[in-house]
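Visitor: starting from these lines, generate the structure:
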Amino acid sequence: MTPVRVILVEDNDIFRETLELLFGLRDEIDVVGSVSMGDAAPALVAELKPDVVLMDYRMPGLNGAEATRAVLDAYPGTSVVCLSASVTAQEVKEVLAAGAVACVTKDEDFDRLVKTVQEAAAR
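Guide: Next up is the predicted model:
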């Protein structure tokens, strides 16, 4: 099975690096890039053409919904999964309306996060 190519968009450096490390231990996920700001994501996504973008919601500059729209404009072939510490119902609605396929919290079981990424890639 070919690994799912993922880009991480997360402003918390420690959390982003931890995700990179954990995904690096899994054969089914390949983190091909990461950025700390939503406004940097579209160019990286256009260049690397990942299967999935894991997108934080609350970031400086563009929020998750705005960055999701920009990423999908840059490369419509990707799927976006919102990943946030806590999101309100309104924020979930906004990010899904922007084109994200799922929204999960950062305290989600890691195996469930991997499954969500795989499901997003299969869309």
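
Visitor: per-residue pLDDT of the spatially most central residue of the chain, please?
Guide: Nearest to the mean C-alpha position of the chain, by C-alpha atoms, centre = their mean, lies residue 54 at 0.9 Å. Among the per-residue scores, residue 54 holds a pLDDT of 97.

Visitor: partner strands of the helix or strand hosting it, with direction?
Guide: Using DSSP states H and E, residue 54 sits in strand 52-55. Using DSSP bridges, the strands paired with strand 52-55 are strand 4-9 (parallel), strand 79-84 (parallel).

Visitor: the first one: how far from the chain's middle?
Guide: If I follow you right, that is strand 4-9. Its chain's C-alpha centre and that of strand 4-9 lie 6 Å apart, by C-alpha atoms, centre = their mean, to the nearest Å.

Visitor: now tabulate the strands paired with strand 52-55 in JSON lines and tack on mean pLDDT.
Guide: Shown next, in JSON lines, are those (pLDDT from 0 to 100):
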{"stretch": "strand 4-9", "mean pLDDT": "98"}
{"stretch": "strand 79-84", "mean pLDDT": "94"}
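
Visitor: as JSON lines, the ones you listed with distance to residue 95 would be great.
Guide: Glycine gets a C-beta too; all of them are placed from N, C-alpha and C. As requested, the strands paired with strand 52-55 are exported to JSON lines (distance: least, C-beta to C-beta, whole Å):
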{"stretch": "strand 4-9", "distance to residue 95": "12"}
{"stretch": "strand 79-84", "distance to residue 95": "4"}
